[in-house]
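Asker: Have a look at this prediction, sequence included:
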Amino acid sequence: MPAITNKQQMLTQAHAALKKKYPLDTDPAEESGRSVLEELIYAACREGTTREDADRAYTSVRKAFIDWNEVRVSTVQEVADVLRPLPQPGARAKRIIALLQAVFEERYSYDLGDIVKKGLKDTARKLRFYKEGVNDFAVAWVIQRTLGGHAVPLDGPTLRVLGRLGVVDPGEPDSLEGLRGSIEHVIPKARGPEFTELISIHAKQLCVDGTPHCAACPLKTDCPTGQDVLAKKPAEAKSRPKPR
């Protein structure tokens with residue numbers, strides 16, 4: 001395979017390789033049927049993990065509490081207990097409760113349906129108003145999954161994979177929103193949802209935090225990090241003292 005010379009080519013080939021490695025059961029672009037508020041809450045479950053794990057946690061929350069108001073008046077610990085085994089369940093629970101509290105104080109209800117009637121920029125700005133419960137990932141998630149806009153949600157695992165591939169450079173924009181814009185520039189809108197899902201699965205299964213499992217990675221041929229990791233292994237093996 002020829003050397004990858006630009007980000008778009010790298011992401012295109014990575015997408016194809018990951019799609020083959022991790023065939024998806026359903027189309028991520030299909031509408032979830034969740035409202036804007038529900039999608040924001042789901043995003044709090046989804047960030048930093050996979051769809052499978054987020055679905056399980058979100059379903060558990062819906063079953064454990066009568067309605068969103070009960071979630072709002074519950075303690076962080078009570079909501080976190082339901083969200084386990086998601087990583088950082090306390091932080092997620094705090095975000096969800098803060099979002100519900102902010103929406104309730106503003107509207108005395110849990111309906112955010114009216115904000116989707118505005119343009120994407122106005123909607124994104126309005127969503128960021130609930131800053132304690134909504135971050136850039138959540139805004140991008142709603143734009144991508146509910147509003148039909150072009151956005152690529154970036155969380156820690158996604159940035160880890162993109163950084164190792166060399167797609168995200170140290171000189172990229174400091175703000176997450178600016179970095180997201182640069183990624184969205186090279187990932188077509190139609191591939192955004194699938195790309196998001198595939199990257200999250202890859203980050204959990206092979207491109208893990210710490211030492212990635214590069215030997216089994218379908219991207220190892222063109223991944224700078226993979227090449228470095230695999231090159232070090234023979235050298236490390238040679239340096240080990242031979243058993244007597």
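Answerer: Here it is on my side, so go on.
Asker: On the pLDDT front, check Leu99 for me.
Answerer: Per-residue confidence (pLDDT) for Leu99: 97.
Asker: Correct me if wrong: it contacts Ile41.
Answerer: Yes. Between Leu99 and Ile41 a contact is recorded at 6.9 Å, counting by Cβ atoms under 8 Å. C-beta coordinates here come from the backbone N, C-alpha and C atoms, glycine included.
Asker: any idea how far Arg72 is from Gln101?
Answerer: Taking Cβ to Cβ, to the nearest Å as the measure, Gln101 falls 6 Å from Arg72.
Asker: er, Thr123 I mean
Answerer: From Thr123 to Arg72 the distance is 23 Å (Cβ to Cβ).
Asker: and if you look at Gln13?
Answerer: 45 Å.
Asker: and if you look at Ala216?
Answerer: Taking Cβ to Cβ, one finds Ala216 at 44 Å from Arg72.
Asker: Could you check which of those two has the larger neighbour count?
Answerer: Remark: of Ala216 and Arg72, Arg72 carries more neighbours, 19 against 10, as counted by other Cβ atoms under 10 Å.
Asker: I'd say the more buried one and Glu105 touch.
Answerer: No. Using Cβ under 8 Å as the test, Arg72 is too far from Glu105 to be in contact (10.0 Å).
Asker: pretty sure His142 contacts Val36?
Answerer: Residue 142: Val, not His. Yes. When contacts are counted by Cβ under 8 Å, Val142 is listed as touching Val36 (6.2 Å).
Asker: Now for those two: what residues contact both?
Answerer: Leu127 (Cβ atoms under 8 Å, 6 or more residues apart in numbering).
Asker: Out of these two, name the residue with the larger neighbour count.
Answerer: Ranked by neighbour count (other Cβ under 10 Å), Val142 and Val36 place Val142 first, with 28 against 20.
Asker: helix/strand/coil for the more buried one?
Answerer: helix (DSSP: H, G, I helix; E, B strand; the rest coil).
Asker: Leaving out the residues flanking it, which one is nearest to it?
Answerer: Take Val142 and drop its neighbours on the chain: the residue closest to it by Cβ to Cβ, 6 or more residues apart in numbering is Glu39, 5.0 Å away.
Asker: Can you get me a residue count around Val73?
Answerer: Neighbour tally, Val73, other Cβ under 10 Å: 13.
Asker: Quick check: it vs His150, distance?
Answerer: For Val73 relative to His150 (Cβ to Cβ), the value is 37 Å.
Asker: One more: Gln101?
Answerer: For Gln101, the distance to His150 - Cβ to Cβ - is 31 Å.
Asker: go on, Trp141?
Answerer: 13 Å.
Asker: where does this protein have low pLDDT?
Answerer: 1-5, 170-174, 234-244 (pLDDT under 70).
Asker: Do a quick rundown of the helices in it.
Answerer: 7-21, 36-46, 51-64, 68-73, 76-83, 89-107, 120-127, 136-145, 156-165, 176-184, 192-205, 224-239 (DSSP state H).
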